[in-house]
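J.: Starting from these lines, generate the structure:
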Amino acid sequence: MEKLVRRPRSTARQEPLVKAYFFDEKRPLPYVIEANQQDLNLEQWMKQNIEEIEAKLLQYGAVLFRGFGVSNIQEFEAVTHSFGQQLLNYDFASTPRTAIQGKIYTSTEYPPDQEIIMHNEMAYSKKWPGKLWFYCHTPSETGGETPLVDSRKMYDRIPVHIKEKFEKKRLVYVRNYHENLDLDWRKVFQTEKKEEVEQYCEAHGIEYQWLNDNHLQTREKCLAVVEHPATKEKTWFNQAHLFHISNLSKEVKDTLLTILDEEMVPRNVFFGNGEAIDPGELDEIRQLFQEEKSVFPWRKNDVLLVDNILAAHGRQPYQGDRKIIVAMTD
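T.: Numbering: from 1, shown residues only. Predicted coordinates for the structure are as follows:
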């Protein structure tokens, strides 16, 4: 990428098309590429510089494109095809989203006063997207940032006794789809037919059972640590700290446990052998995510590309209108 941002040797001192920088040199995430020319077409520019962009994505985990001519959702969708990869459906969802057009979705629709803690997308499943695309259609008045964390640094920082335990035992995510409580199975599997749910689970190695006509329970055993296929680096890649019941507020947790057994709450996680996970160790993991967070302000028409294995993301609480659009690719 440096060759694109150096000033060419010319007496005319021609302005380079883009400039590259970090918001914080000590925490180089994301790598920022900003257009120097108004309305520079991002789709075309990316196709011309695909190798350099891929290299920076693997080096840093996330690249932010700023100041390019991406002014609507159609143009954003065109940009997502720059790498020649197909967009994915948001199958087996764990949070509410709305499809805007085709395979372009809203970001997670949680109340604006709530933080969405750091996570790698769909790390609770054996099937996850390789790349995430975010488009800032409308930045919020205050807050609403999408913080990032380097998953390699997380792996390095987690205490060895915790890391080894998670890596060896793996994890099993238990989900209960109750009617009128969190997401029901129809929303998650995007079908009204139980046989289609069963076919999906069998195809993806997910254990399932119908506890009654409207109560489905699934169990999926997954890795806690993943090796990146290109860099061969180990990354902390799981949602144990998010799925575990200890992530709920005391009020919500106490309310749930007055009406449901712990294995019947909408989401929970255990070690792969069924053993309980120490909430204190999950608190340590949550604290490390907080310490490693890199936060930057959204600007209208920004496009953020994230390698989902190399970088976790979240959402800060916010006020005012906010519209961040999301797409996922292999």
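J.: Just list what whichever helix or strand residue 235 is part of packs against, helices and strands only.
T.: Assigned by DSSP states H and E, residue 235 falls within strand 234-236. Contacting strand 234-236 under the criterion 3 or more CB pairs under 8 Å, 6 or more residues apart in numbering; DSSP states H and E are the following elements: helix 151-157, strand 225-227. Glycine gets a C-beta too; all of them are placed from N, C-alpha and C.
J.: Next, format the ones you listed as CSV and append mean pLDDT and distance to residue 202.
T.: Compiled in CSV, the helices and strands packed on strand 234-236 are given as follows (pLDDT from 0 to 100; distance: least, CB to CB, whole Å):
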stretch, mean pLDDT, distance to residue 202
helix 151-157, 98, 30
strand 225-227, 97, 24
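J.: Can you give the distance from stretch 48-65 to the centre of its chain?
T.: In terms of CA atoms, centre = their mean, to the nearest Å, the centre of stretch 48-65 is found 17 Å from the chain centre.
J.: Output that stretch as CSV, restricted to C-alpha atoms.
T.: This file holds the C-alpha atoms of stretch 48-65, laid out as CSV (Å, rounded to 0.1, in the frame of the first residue of the first chain):
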residue,chain,number,x,y,z
GLN,A,48,-6.9,-2.2,-9.1
ASN,A,49,-5.2,-2.6,-5.7
ILE,A,50,-6.6,-5.9,-4.4
GLU,A,51,-3.3,-7.5,-3.5
GLU,A,52,-2.1,-4.6,-1.4
ILE,A,53,-5.5,-4.4,0.4
GLU,A,54,-5.4,-8.2,1.1
ALA,A,55,-1.9,-7.8,2.5
LYS,A,56,-2.9,-5.0,4.8
LEU,A,57,-6.0,-6.9,5.9
LEU,A,58,-3.9,-9.9,6.9
GLN,A,59,-1.3,-7.7,8.6
TYR,A,60,-3.8,-5.6,10.7
GLY,A,61,-7.1,-7.4,10.7
ALA,A,62,-9.3,-4.5,9.5
VAL,A,63,-9.1,-1.8,6.9
LEU,A,64,-11.2,1.4,6.9
PHE,A,65,-12.0,3.2,3.6
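J.: quick one: buried residues of it?
T.: Under the neighbour-count criterion of 16 or more other CB atoms under 10 Å, stretch 48-65 has 49, 52-53, 56-57, 60-65 buried.
J.: Look up phi and psi at the nearest residue to residue 245 once chain neighbours are set aside.
T.: Ranked by CB to CB, 6 or more residues apart in numbering and with sequence neighbours excluded, the top spatial neighbour of residue 245 is residue 268, at 5.3 Å. Dihedral pair for residue 268: phi -160, psi 170, per degrees, to the nearest 10.
J.: if we can go back for a sec, tell me the strands beside the strand holding residue 235, with direction?
T.: Taking DSSP bridges as the criterion, strand 234-236 sits next to strand 225-227 (antiparallel) in its sheet.
J.: secondary structure class for the spatially most central residue of the chain?
T.: To find the centre residue of the chain, average its C-alpha atoms and take the closest one (CA atoms, centre = their mean): that gives residue 121, at 3.4 Å. The local conformation at residue 121, judged by DSSP: H, G, I helix; E, B strand; the rest coil, is coil.
J.: quick one: which of the buried residues of stretch 48-65 is nearest residue 39?
T.: If you rank those by distance to residue 39 using CB to CB, residue 65 comes first, at 13.3 Å.
J.: Identify the residues contacting the strand or helix carrying that closest one?
T.: Assigned by DSSP H and E, residue 65 falls within strand 62-66. By CB atoms under 8 Å, 6 or more residues apart in numbering, the residues outside strand 62-66 that reach it are 29-35, 42, 46, 53, 56-57, 148, 296, 299, 302-307, 310-311.
J.: which element follows it toward the C-terminus?
T.: The element immediately downstream of strand 62-66 (helix or strand, assigned by DSSP H and E) is helix 73-80.
J.: now the angle from that next one to strand 62-66?
T.: Angular relation of helix 73-80 and strand 62-66 on a 0 to 180 degree scale: 140 degrees, by axes from the mean of the first three to the mean of the last three CA atoms, to 10 degrees.
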